[in-house]
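Colleague: can't give you the sequence, but here's the structure:
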Ligand SMILES: NC(=O)C1=CN([C@@H]2O[C@H](COP(=O)(O)OP(=O)(O)OC[C@H]3O[C@@H](n4cnc5c(N)ncnc54)[C@H](O)[C@@H]3O)[C@@H](O)[C@H]2O)C=CC1
Ligand SMILES: O=C(O)C(=O)Cc1ccc(O)cc1
């Protein structure tokens, strides 16, 4: 007797029906790509102040649809992610608030949390959970967005006493499904911590770069250590300025502690044994930092391939690329459904993406690539 396999269970509905990402730049674009690639929303709508950005986001396949202004259409959204620059977040929230569906989960990705959390309470947006993915890059804009940016990143969620527990639980699920690790704490606690680990290092990197700015000999001598220590000075100046100004109270406190550290080290210059102990402690701490986040690993260039539900389709993809000498650095199965699924290939260069896309197209596969 031939056993007929049971029909596969119907695919689970996506977590969200209509997701709106407001501000489709580096982070908003990466969230949108994660939602799409991981099939977390039936459709993803991008809203942005710039038509050029919207056109680019659509052309890159970052969003399904675009809108240039808020309106009644927002009522259909059950997820709204605010991802505009810091200073635009509160005005944007006020523009969207009249149209938000009370049942929608609303979240943001801003780098400082107390202000936006208070503003959303003032606006009466009940389903709001403030968030901050601790992942990023010095290069902004939708062209640099990629879902992998958020994978394995710590993503802080900062509910207040008024945040509904169901909203917090949905926000946690969203973060986990995007491949990140949620960490929950009050907004003020978040702001104090990022003042020390993110905003203070930014100001320190500015101070260091200013010291070499006007002497060419110094910049010629600036070696790997100097470059490593000052990488964040390459971030977008306006975005970085807005971030540190928004968090200035906590940052001033961190600067006070930093100054005391420097003074102690200055005094230790005359006490070599003390300095050795400080150096050993610094090494222990630095060496025990958790392994570098995904977002800091060498950049991969993604190609997403739709895979029909037939035997050996992944084999056919990898064989075709192998025969053409394309090296696959990373591979991820994004979704398996009854009618097929998709895989993400991480390739070494934009050229490899173009090359691989033409090989796979010729072999009959549907692909979507981003160099
Ligand atoms: N860049 C990074 O590494 C990280 C940034 N963040 C936060 O994410 C947010 C976005 O930053 P990025 O993606 O880097 O910036 P970005 O500059 O790449 O993107 C911002 C997007 O928002 C759009 N925009 C500006 N004003 C707007 C408005 N009023 N309404 C709608 N859209 C508007 C811009 O056209 C642009 O497309 C910021 O609040 C930042 O604090 C959080 C974690 C990391
Ligand atoms: O480039 C990096 O490593 C960063 O740390 C970038 C960054 C910028 C802003 C944030 O709110 C969080 C992370």
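Modeller: Cool, the structure landed. Please read all numbers here as calculations on a predicted model, not as lab measurements. Ligands and ions are numbered 1, 2, ... in the order given.
Colleague: hmm, who's touching stretch 341-351?
Modeller: Residues from elsewhere that reach stretch 341-351 (C-beta atoms under 8 Å, 6 or more residues apart in numbering): 37, 147-148, 300-307, 309, 314, 317, 321, 326-335, 353, 356, 371. Any C-beta I mention is one placed from the backbone N, CA and C, and that applies to glycine too.
Colleague: Show me which parts of that stretch are buried, residue by residue.
Modeller: For stretch 341-351, the neighbour count (16 or more other C-beta atoms under 10 Å) marks 341-348 as buried.
Colleague: all strands of the stretch 201-350 of the chain, in order?
Modeller: Here the stretch 201-350 of the chain has its strands, by DSSP state E, counting those that start in this stretch, at 301-307, 330-337, 340-347.
Colleague: where among the ones you listed is the average confidence lowest?
Modeller: For the strands of the stretch 201-350 of the chain, mean pLDDT drops lowest on strand 330-337, to a mean of 71.
Colleague: how close does residue 266 sit to residue 83?
Modeller: 42 Å (C-beta to C-beta, to the nearest Å).
Colleague: Show me which of the two is the more surrounded one.
Modeller: residue 83 (28 against 9; other C-beta atoms under 10 Å).
Colleague: Name the residues that touch the host helix or strand of residue 52?
Modeller: Here residue 52 is covered by helix 51-59, with elements defined by DSSP states H and E. For helix 51-59, contacts defined as C-beta under 8 Å, 6+ apart pick out 24-25, 29, 32, 46, 48, 63, 65-68, 141-143.
Colleague: now with 10 Å?
Modeller: 21, 23-25, 28-29, 32-33, 44, 46-48, 50, 62-68, 141-143, 145 (C-beta atoms under 10 Å, 6 or more residues apart in numbering).
Colleague: In strands, which of those fall?
Modeller: Among these, DSSP state E puts 21, 44, 46-47, 65-67 in strands.
Colleague: Check those residues against ligand 1 and report the nearest one.
Modeller: residue 47 (6.0 Å; C-beta to the nearest ligand atom).
Colleague: Nearest spatial neighbour of that closest one, chain-adjacent residues omitted?
Modeller: Spatial nearest neighbour of residue 47, excluding adjacent residues (C-beta to C-beta, 6 or more residues apart in numbering): residue 22 at 4.4 Å.
Colleague: Count the residues that sit near that neighbour.
Modeller: 27.
Colleague: Okay, and the beta partners of it?
Modeller: Beta-bridge partners for residue 22, by DSSP bridges, are residue 47, residue 82.
Colleague: Which residues are in contact with it?
Modeller: With C-beta under 10 Å, 6+ apart, residue 22 has these contacts: 28, 45-49, 67, 70, 74, 77, 80-84, 88-89, 92-93, 95-96, 106, 108.
Colleague: Which element, helix or strand, includes residue 193?
Modeller: Judged by DSSP H and E, residue 193 forms part of helix 187-194.
Colleague: do that helix and ligand 2 meet at all?
Modeller: No. On the criterion C-beta under 6 Å from any ligand atom, helix 187-194 is out of touch with ligand 2, staying 6.9 Å away.
Colleague: May I see the buried residues of that helix?
Modeller: Buried residues in helix 187-194 (16+ other C-beta under 10 Å): 187, 190-194.
Colleague: cool, and stretch 55-71?
Modeller: Buried residues in stretch 55-71, counted by 16+ other C-beta under 10 Å: 56-58, 60, 62-64, 66-67, 70.
Colleague: Return the distance of it from the chain's centre.
Modeller: 18 Å (C-alpha atoms, centre = their mean, to the nearest Å).
Colleague: again, but for stretch 146-166
Modeller: Stretch 146-166 sits 11 Å away from the centroid of its parent chain (C-alpha atoms, centre = their mean).
Colleague: got it, and stretch 281-294?
Modeller: Distance, centroid of stretch 281-294 to centroid of chain: 22 Å (C-alpha atoms, centre = their mean).
Colleague: Give the rounded mean pLDDT of it.
Modeller: If you average the pLDDT values across stretch 281-294, you get 80.
Colleague: thinking again about what came up before, in PyMOL, select just the buried ones from the contacts of helix 51-59.
Modeller: Of the contacts of helix 51-59, the buried ones can be selected in PyMOL as follows, counting by 16+ other C-beta under 10 Å:
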select buried, resi 21+23+24+25+28+29+32+33+44+46+47+48+62+63+64+66+67+142+143+145
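Colleague: The contacts of helix 51-59: which ones sit near ligand 2?
Modeller: Within the contacts of helix 51-59, nothing lies near ligand 2 by C-beta under 6 Å from any ligand atom.
Colleague: Would you mind measuring from residue 51 to residue 69?
Modeller: Applying C-beta to C-beta, the value for residue 51 to residue 69 is 11 Å.
Colleague: cool, and residue 270?
Modeller: Distance of residue 270 to residue 69, computed by C-beta to C-beta: 64 Å.
Colleague: Over to residue 262?
Modeller: 49 Å.
Colleague: Where does pLDDT dip in the stretch 1-150 of the chain?
Modeller: Residue ranges of the stretch 1-150 of the chain with pLDDT under 70: 1-7.
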